[in-house]
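[1] Let me see the structure of the following:
(chains A, B and C)
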Amino acid sequence: MNHPRKRIEIVVEQVQAETVTELLERLGATGWTMLPVMAGRGRQGLRQGGVPGGVLDNVMIVAIVSAEVAIRVADARDELLDARPAIISISDCAVLRAEHF
Amino acid sequence: MNHPRKRIEIVVEQVQAETVTELLERLGATGWTMLPVMAGRGRQGLRQGGVPGGVLDNVMIVAIVSAEVAIRVADARDELLDARPAIISISDCAVLRAEHF
Amino acid sequence: MNHPRKRIEIVVEQVQAETVTELLERLGATGWTMLPVMAGRGRQGLRQGGVPGGVLDNVMIVAIVSAEVAIRVADARDELLDARPAIISISDCAVLRAEHF
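    Alright, predicted model coming up:
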């Protein structure tokens, strides 16, 4: 009843978000969800959302994809890193509807 | 020290969110968290939040549940799909406090 | 190419968020992401965001850490629970860049 998939979670600057979602779509992701980020800390120090202009704001992009697409995303690592994501993490999940992902 | 649980992640229209959380509670989920969604792409194309009226806005609902509750949720698949979720994914996790979930 | 890590997800009152992120950093987390929470239900009943003053608002903190740091976080359970988190869940994930976490 449950079908194994991969959950890709990417935190990236909002100005780079479309680059990431377009790449995910090109690699075969059938969908993604974008969540707002309030604040974060990473290699570039503390980052607060709500800066005027919002150019420093991050977003979190979540995509549920097949194992094949996840491998393509990992293989496209260099292109993905061009968008300077703060985080790219991949985990196992299952979906109830095989036909959707 | 860590106790295995299931993490259910559902993306659904905000107007359907209460239907989903009530179903989760009825099936035994002791809690859930609802996150705002900025945008998403799925089978129905691109969806942007912030539409006047907000009726098209999606939310993400995260619930940490026992394996038994997760099976009940999967078994209630048809009822859950009545809320037309964009995504239902389930993954393994662990919690520090067994008594809470 | 993929490197195993742990994904820690904590839902906590916004007024306690800095206590949690400082603890994560002290235990060796190199980064974290904070997401806004709209609403939630847990042991203390229903909680809606947007309360004037915002003192009851929750946030979700996500940190990708090494297995060693995750063990330290689990060992610091009592200190972490002082911040009264609604949820602490830990799951397996992989990252594309070993050097970042």
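
[2] rest of the way, CA atoms for contacts and neighbours
    Fine.

[3] The helix-or-strand element of chain A with minimal mean pLDDT: partners in the sheet, and parallel or antiparallel?
    Lowest mean confidence among the helices and strands of chain A (mean pLDDT, DSSP states H and E): strand A:45-48, at a mean of 82. According to DSSP bridges, strand A:45-48 forms sheet pairs with strand A:39-42 (antiparallel).

[4] Could you pull up the mean pLDDT of the strand it pairs with?
    Summarised as a single mean, pLDDT over strand A:39-42 is 92.

[5] Could I get the buried residue list for that strand?
    A:39, A:40, A:41, A:42 (16 or more other C-alpha atoms under 10 Å in any protein chain shown).

[6] what's the answer for stretch A:73-93, then?
    Within stretch A:73-93, the residues scored as buried using 16+ other C-alpha under 10 Å are A:73-74, A:80-81, A:83, A:85-93.

[7] what does chain A put close to chain B?
    Contacts of chain A with chain B, taken as C-alpha under 8 Å from any C-alpha of the partner chain, map to A:1-2, A:30-36, A:64, A:92-96, A:100.

[8] from memory residue A:72 sits against residue A:29, does it?
    No - the pair residue A:72 / residue A:29 is not scored as a contact, 10.0 Å apart, by C-alpha atoms under 8 Å.

[9] neighbour-wise, which of these two wins?
    Between residue A:72 and residue A:29, counted using other C-alpha atoms under 10 Å in any protein chain shown, the more crowded position is residue A:29 (22 against 15).

[10] dump the residue contacts of the more buried one.
    A:63, A:64, A:65, A:66, A:69, A:101 (C-alpha atoms under 8 Å, 6 or more residues apart in numbering or on different chains).

[11] and it, which of the three is it?
    Classification of residue A:29 using DSSP: H, G, I helix; E, B strand; the rest coil returns coil.

[12] wait, residue A:67 sits on residue A:6?
    Yes - with contact defined as C-alpha under 8 Å, residue A:67 counts as touching residue A:6 (6.0 Å).

[13] Just checking, which helix or strand succeeds the longest strand along chain A along the chain?
    Taking DSSP state E as the criterion, chain A has its longest strand at strand A:3-13. Downstream of strand A:3-13, the first helix or strand assigned by DSSP states H and E is helix A:17-26.

[14] Please see if whatever helix or strand comes next after that next one touches chain C.
    Toward the C-terminus, helix A:17-26 is succeeded by strand A:32-36 as the next helix or strand (DSSP H and E). Yes - judged by C-alpha under 8 Å from any C-alpha, strand A:32-36 comes into contact with chain C at A:35, A:36.

[15] which residues of chain A score low on pLDDT?
    For chain A, the stretches with pLDDT under 70 are A:1, A:49-56, A:99-101.
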